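In: The following block contains a protein sequence and its predicted model.
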Amino acid sequence: MPSGKGSKLLRYVEHRLRVTLHDGRTIIGTFLAFDKHLNLVLSDAEEFRVLRKGGAALIEEKTEKRSLGLVLIRGENVVSLAVEGPPPPSVTGKTAAPGGSMARPRGAPIPGGPPMGAVPMGLGAAPVHGVGAPGMMPPPPPPPGGGMPPGMGRGMPPQY
């Protein structure tokens, strides 16, 4: 097994990670992926900023929290990484997308959806007027005179 930075970070995939950024913000989320530039992908991420009020003497300090969801953090902005907690016990090696969606083979039916071959709800069996490709309607009649507009036919361009 290689002993580079990448192999060390691989241990922490699906762990809760605290990322401190160059501008002082802290982002906590579930670590999903990284690359050679240390760009990080976190899911269920939350951003924490410390707001300070006052001049030379510190009067008030307030932490502002913001929910971000799925984020990509540019590695250039990362100052430090810290493990916040282990991966959830329900994780079985495959990370499910937020919202409970999961990958399935192409053409597989959606659980709870319409049966295969059935018309989706809201669509009837007959086509709706004005919907569809132009190829489904008869072509427009030729212009009077039967020819193409000037300059649009085959051959050499017109001589001026």
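Out: Happy to help now that I have it.
In: where along this protein do the strands fall?
Out: Along the chain, the stretches classed as strands by DSSP state E are 16-21, 26-34, 40-53, 60-73, 78-85.
In: If I look at Glu61, what pLDDT would I see?
Out: You'll see Glu61 listed with a pLDDT of 83.
In: beta partners for it?
Out: Note on Glu61: beta-bridge partners by DSSP bridges are Arg52.
In: Pretty sure it sits against Arg49.
Out: No. Using CB atoms under 8 Å, Glu61 makes no contact with Arg49, being 11.0 Å away. (C-beta placed from N, C-alpha, C; glycine too.)
In: The two: who's more crowded?
Out: Arg49 (14 against 10; other CB atoms under 10 Å).
In: Now do the same contact list for that one.
Out: Counting by CB atoms under 8 Å, 6 or more residues apart in numbering, Arg49 touches Gly24, Arg25, Thr26, Thr63, Glu64, Arg66.
In: So Pro87 is in contact with Leu32, correct?
Out: No. Counting by CB under 8 Å, no contact exists between Pro87 and Leu32, whose distance comes to 11.0 Å.
In: Can you check which residues contact both of the two?
Out: Here Pro87 and Leu32 share the contacting residues Glu14, scored by CB under 8 Å, 6+ apart.
In: Looking at those two, which is more packed in?
Out: Leu32 (18 against 15).
In: Could you check how far that one is from Asn39?
Out: In this view, Leu32 and Asn39 are 11 Å apart by CB to CB, to the nearest Å.
In: Please pick the buried ones from the contacts of Arg49.
Out: By neighbour count, with 16 or more other CB atoms under 10 Å, the contacts of Arg49 hold Arg25, Thr26 as buried.
In: ends of stretch 19-31, how far apart?
Out: Using CA to CA, to the nearest Å, the end-to-end distance of stretch 19-31 comes to 10 Å.
In: Give me the distance between Pro88 and Arg16.
Out: Distance, Pro88 to Arg16, using CB to CB: 9 Å.
In: which one of the two has more residues nearby?
Out: Arg16 (18 against 10).
In: quick one, what contacts that one?
Out: By CB under 8 Å, 6+ apart, the contact set of Arg16 is Ile28, Gly29, Thr30, Phe31, Val83, Glu84, Gly85, Pro86, Pro87.
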